[in-house]
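Turn this into a model:
(2 chains)
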There are 2 protein chains.
Amino acid sequence: MSHQLPDFKTNLSDWFNEVVLKAELADYAPVKGCMVIRPYGYALWENIQKFMDVLIKKHGVDNAYFPLFIPMSFFEKEKEHIAGFAPELALVTIGGGKELPEKLAVRPTSETIMYHMYQKWFGSWRDLPVRINQWCNMVRWEKRTYLFLRTSEFLWQEGHCAHLTHEESIAEVEWAIKMYAQTYQELFGMYGIIGAKSDTEKFAGGAKSYTFEALMPNGKSLQACTSHDLGQNFAKSIDWTVQDQKGNKSFPWQNSWGFSTRSIGGLIMSHGDQKGLVMPPNIAPIQIIIIPIPGHNTALSKSQELLKLLENYRVKIDSKEGETAGAKFNKWELKGVPLRIEIGNRDVTAGTVIICRRDTGEKITVKFDNLSKTVAKLLNEIQQSLFDKHKKFTESNTFKADSYDEFKKIMETSRGFISAHWCETADCEAQIKTDTKATTRCLPLDAVEENGKCVRCGKPSPHRWLFGLSY
Amino acid sequence: MSHQLPDFKTNLSDWFNEVVLKAELADYAPVKGCMVIRPYGYALWENIQKFMDVLIKKHGVDNAYFPLFIPMSFFEKEKEHIAGFAPELALVTIGGGKELPEKLAVRPTSETIMYHMYQKWFGSWRDLPVRINQWCNMVRWEKRTYLFLRTSEFLWQEGHCAHLTHEESIAEVEWAIKMYAQTYQELFGMYGIIGAKSDTEKFAGGAKSYTFEALMPNGKSLQACTSHDLGQNFAKSIDWTVQDQKGNKSFPWQNSWGFSTRSIGGLIMSHGDQKGLVMPPNIAPIQIIIIPIPGHNTALSKSQELLKLLENYRVKIDSKEGETAGAKFNKWELKGVPLRIEIGNRDVTAGTVIICRRDTGEKITVKFDNLSKTVAKLLNEIQQSLFDKHKKFTESNTFKADSYDEFKKIMETSRGFISAHWCETADCEAQIKTDTKATTRCLPLDAVEENGKCVRCGKPSPHRWLFGLSY
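As a prediction, the model looks like this:
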């Protein structure tokens, strides 16, 4: 039998924890709420960095590195920002054996420290646009934590740009969230909805936030990354102005956007099954595992030939001793490797191998000569198929609700996205949450104008918002 | 005139600070002792990562990520380790608004936290060798700091491996320091001496440390990276054992090795001159800068053609308005770009460009058709020439001293490496430092056996150590 994971359908959260530990993606750290990302999990992050860094640089963004420590006084300059982040700060109070004159926050996000430097460096329209990104670690002291999904320390990239006009900045906010959606689709094989956050749910200190919301198998919605229009709020809070072409001073328009290791939590849940992980080929640390049947004397050397043949892929041979073929199959299924190649004496003689697809379990016998072509085709098929499946799942679990009763009934019976009219007041938003646990997920970017009425209060509403349970 | 930097020969340390700031490699952070690495400086670190990560992975090392925070109790398990690092720790005492039950150190190095996890994960000889590396930020609360060379926060990689035998571990310690030397030579164009540290200078808690010592233009020696044989010390301190093939338990033999952003400080000093930075082509963020002479109407479009032709290199056009050609030349000389291509109307007509080498100032007129070939040749030449120059400088500033008087005289007049016999006692080492400021840099790996006498006490010594002023 396989690794006896908790039931995927009825107990996703235990399944999730166990699969993360057993597949050696990550482990709990000695410090509560922190985690260790093990090589198999970190390889995912490296593939994400490789893919996304190209897109970021192509957009004209340069990488840099800003300090981990931010003086507390920096946070206090933007009122909403400090109110939002104060409860989650980790504070350094002692350095080199001495009490520090000012407490230092371990960065929970870098707006304040980066813009302090921007103000020093950039004072003219000639210096704009500014486009800087950093890949780094972050700390937010969370009360309830889950591996990958919510940890006190996590890894991410944060882009921070500044423009002369609001239009340019907004265009970039949209570029970023679409670049993330592209990454989710092409690398993660994940579908999701791009949209604007409500005022209560937006970034602390920002003007408007965009999110990419992905539906998980248990019907909860994962806020999978965000892109923020910061308006001129942060520039005003530190009095950073730039001189325009006419010699007038004005506050730059800023944006910031981030994508974190949380995304790996979404990846695990979106495609997993009872046997464990299912990795989309484009992000998979290992795309093909070759298993020479133990004891078959010609299988190993043939495997090494095949390894060479497939060297353009991320491929490994599992020739570990003291394990049965079955145990090996289970191990690599747990780890979600897209393709398994089995090879025994009989296959060597026949000039064939058996290829098994992780996503469907389908087995195909392939001649050596056709192997490379077949592998390429199968990997493409699996990537596309996982995305299609996740998209179909999301669409078939998105429900329209036109009355509050309907809304409540869906929340009780189905779980998923609810598309409903809402008057955009914080009152109704809060009451809907109290009554049904559903929160506003976003106003989809492609929402159509439609004369409707708020499901709760009946006041006019011009478009449907997406509601759901939050991860 | 150029940027009027402080005198390179007589005032290297002011020259260094100004060139780092003016060339926009880095800036001072608001938190004392920390720095911001700006895009031009961070691009150097990205090139280092790209080059070295390949070598590290080829050796069979996997990347992973371990937590930033280490409980204080972890440090206290290895006595020398805590004694060495305690004075430099930054401590988090408050998290999420509450005083923490145990103070958390912001990692100054990750031995203790990583080996805690190794102990949990690896208990059998089948699990060895373990080879894990991480790229991350580090914090050591330094009293006197210098940009890049010694900052309270810095970036590095740290490799941490474990083996069944001491021999295998030692072989890896040597592999690592040689891999670093290769990086210095091929990427940084820097020469240096590999050798063992003295007992006083070795890593706190380790058994033996190897270093790569590079001589700077002011005669000071930069400990440019290190590789440590940890023996079984750390395994013993936490009682981590693995079962060998016969079922016996034994402590694994461990090693660790690190390479940090300090290396960039060495790069800047090793090749710089009165005009600013001189970047070896292999590490240069920009290898070629194309400057269309301002006002020359055909120069810009031709420049774009050349850009296309040279797209396999890291190449940029400087067509910024409102700057003279001279100002542009100075700017890119300050930034150390290896090759400058000047192009004006007359060049377009003649079908030629002028190429200027940053390292020698030499100007060459080249036909368009030969451009690509000439650029390749020149970049190779510059890389090799900078290394040769640094090697020659090091060798001609390495002096043999056979008496204490000779030793003292060299320290007073010449500065540089001193090759001298030493009895290997901490007493003589300390006295030599008090008398001359020189510290032991290393026992070179290739030191020959030689019957000699300690320059200070006259006791027998089997080989010459390298002494020098420490950075």
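
Show me which residues of the stretch 101-250 of chain A sit near chain B.
Neighbours of chain B within the stretch 101-250 of chain A, by CB under 8 Å from any CB of the partner chain: A:103-104, A:106, A:113, A:116-117, A:120-121, A:126, A:132, A:136-137, A:139, A:141-143, A:152-153, A:155. No exception for glycine: its C-beta is placed from N, CA and C like everyone else's.

do that again at 10 Å, thanks
A:101-106, A:112-114, A:116-117, A:120-121, A:126, A:131-143, A:151-155 (CB under 10 Å from any CB of the partner chain).

and the closest residue to A:Asn380 other than its chain neighbours, backbone torsions?
In space, A:Asn380 comes closest to A:Pro281 once its chain neighbours are excluded; the distance is 7.7 Å by CB to CB, 6 or more residues apart in numbering or on different chains. The phi/psi pair for A:Pro281 (degrees, to the nearest 10) reads phi -50, psi -40.

Equivalent analysis for A:Leu300, please.
The phi and psi torsions at A:Leu300 (degrees, to the nearest 10) take the values phi -70, psi -50.

per-residue pLDDT, it?
Listed pLDDT for A:Leu300 reads 93.

do the same with the one 5 residues further on
According to the prediction, A:Glu305 has pLDDT 95.

And for A:Ile418?
98.

you'd agree it is in a strand?
Yes - per DSSP: H, G, I helix; E, B strand; the rest coil, A:Ile418 lies within a strand segment.

residue contacts, it?
Contact partners of A:Ile418, counting by CB atoms under 10 Å, 6 or more residues apart in numbering or on different chains, are A:397-401, A:406-408, A:410-411, A:432, A:436, A:438, A:441, A:455, A:464-469.

what is it paired to in the beta sheet?
Per DSSP bridges, the residues bridged to A:Ile418 are A:Phe399, A:Phe467.

same question for stretch A:359-375, mean pLDDT?
Stretch A:359-375 shows a mean pLDDT of 96.

Give me the contact status of the helix or strand hosting A:Trp257 with chain B.
Following DSSP states H and E, one finds A:Trp257 within strand A:253-260. No - Strand A:253-260 does not reach chain B (CB under 10 Å from any CB); its nearest approach is 12.5 Å.

Give me the buried positions along that strand.
Judged by neighbour count using 16 or more other CB atoms under 10 Å in any protein chain shown, the buried positions of strand A:253-260 are A:Trp253, A:Gln254, A:Asn255, A:Ser256, A:Trp257, A:Gly258, A:Phe259, A:Ser260.

same deal with stretch A:156-165?
Neighbour-count burial for stretch A:156-165 flags A:Trp156, A:Gln157, A:Glu158, A:Gly159, A:His160, A:Cys161, A:Ala162, A:His163, A:Leu164 (criterion: 16+ other CB under 10 Å).

Could you dump those residues into TSV with secondary structure added?
Shown next, in TSV, are the buried residues of stretch A:156-165 (three-state DSSP):
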residue	secondary structure
A:Trp156	strand
A:Gln157	strand
A:Glu158	strand
A:Gly159	strand
A:His160	strand
A:Cys161	strand
A:Ala162	strand
A:His163	strand
A:Leu164	coil
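
what would those look like in a markdown table with pLDDT?
Listed next are these as a markdown table, based on pLDDT from 0 to 100:
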| residue | pLDDT |
| --- | --- |
| A:Trp156 | 98 |
| A:Gln157 | 98 |
| A:Glu158 | 98 |
| A:Gly159 | 98 |
| A:His160 | 98 |
| A:Cys161 | 98 |
| A:Ala162 | 98 |
| A:His163 | 98 |
| A:Leu164 | 96 |
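
Out of the residues you listed, flag the one nearest to B:Leu306.
A:Cys161 (29.7 Å; CB to CB).

who's that closest one bridged to?
Beta-bridge partners for A:Cys161, by DSSP bridges, are A:Arg131, A:Asn255.

Show me how chain A divides into domains.
Residue ranges for the domains of chain A, per automatic domain parsing: A:12-271, A:288-381, A:398-470.

Deepest in the core, which of those is it.
Compared across the domains of chain A, domain A:12-271 shows the largest average neighbour count, a mean of 20 (mean count of other CB atoms under 10 Å in any protein chain shown).

Toward the C-terminus, what is the element adjacent to the helix or strand bottoming out on mean pLDDT in chain A?
Here the helix or strand of chain A ranked lowest by mean pLDDT, DSSP states H and E is helix A:79-85, holding a mean of 88. Scanning forward in sequence from helix A:79-85 by DSSP H and E, the next helix or strand is strand A:90-95.

So in that sheet, which strands flank that following strand, and in what orientation?
Strand A:90-95 has these strand partners (DSSP bridges): strand A:98-106 (antiparallel), strand B:90-95 (antiparallel).

out of those, which comes closest to A:Lys391?
strand A:98-106 (38.3 Å).

continuing past the closest one, what's the next helix or strand?
Using DSSP H and E, the helix or strand that follows strand A:98-106 in sequence is helix A:111-121.

quick check: angle from that next one to strand A:98-106?
Here the directions of helix A:111-121 and strand A:98-106 differ by 100 degrees (axes from the mean of the first three to the mean of the last three CA atoms, to 10 degrees).

Just want the angle from helix A:111-121 to strand A:253-260.
Using the same axes, to 10 degrees: helix A:111-121 against strand A:253-260 is 140 degrees.

Please give the element, helix or strand, for A:Ile341.
strand A:339-343.

ok, for the residue positioned nearest the centre of chain A, nearest residue in space, not its chain neighbours?
With distances taken as CA atoms, centre = their mean, A:Ser263 lies nearest the centre of chain A, 2.1 Å away. Using CB to CB, 6+ apart and skipping the chain neighbours, the partner closest in space to A:Ser263 is A:Ala224 (5.9 Å).

sorry, back to before: the least confident helix or strand of chain A near chain B anywhere?
No - contact of helix A:79-85 with chain B (CB under 10 Å from any CB) is absent, the minimum separation being 11.0 Å.

Packing partners of that helix?
When contacts are defined as 3 or more CB pairs under 10 Å, 6 or more residues apart in numbering or on different chains; DSSP states H and E, helix A:79-85 packs onto helix A:72-75, helix A:111-121, helix A:233-238.

What helix or strand is the residue nearest to the centre of chain A located in?
helix A:262-271.

Would you mind checking the average pLDDT for that helix?
Averaging pLDDT along helix A:262-271 yields 98.

From the contact counts, what lies against it?
Using 3+ CB pairs under 10 Å, 6+ apart: helix A:262-271 touches helix A:12-22, helix A:39-58, strand A:153-163, strand A:208-215, strand A:220-231, helix A:371-396.

Which per-residue confidence value corresponds to A:Ser2?
Note for A:Ser2: predicted pLDDT of 55.

distance of the nearest residue to A:Leu164 once chain neighbours are set aside from A:Phe399?
Closest residue to A:Leu164 apart from its sequence neighbours, by CB to CB, 6+ apart: A:Leu128 at 5.2 Å. Note on A:Leu128: its distance to A:Phe399, by CB to CB, to the nearest Å, is 45 Å.

CA atoms only for the least confident helix or strand of chain A, dumped as CSV, please.
Listed next in CSV are the C-alpha coordinates belonging to helix A:79-85 (Å, rounded to 0.1, in the frame of the first residue of the first chain):
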residue,chain,number,x,y,z
LYS,A,79,-0.7,55.5,10.0
GLU,A,80,-2.7,52.7,8.3
HIS,A,81,0.6,50.9,7.6
ILE,A,82,1.7,50.7,11.2
ALA,A,83,-1.8,49.9,12.3
GLY,A,84,-1.9,47.0,9.9
PHE,A,85,1.6,45.6,10.6
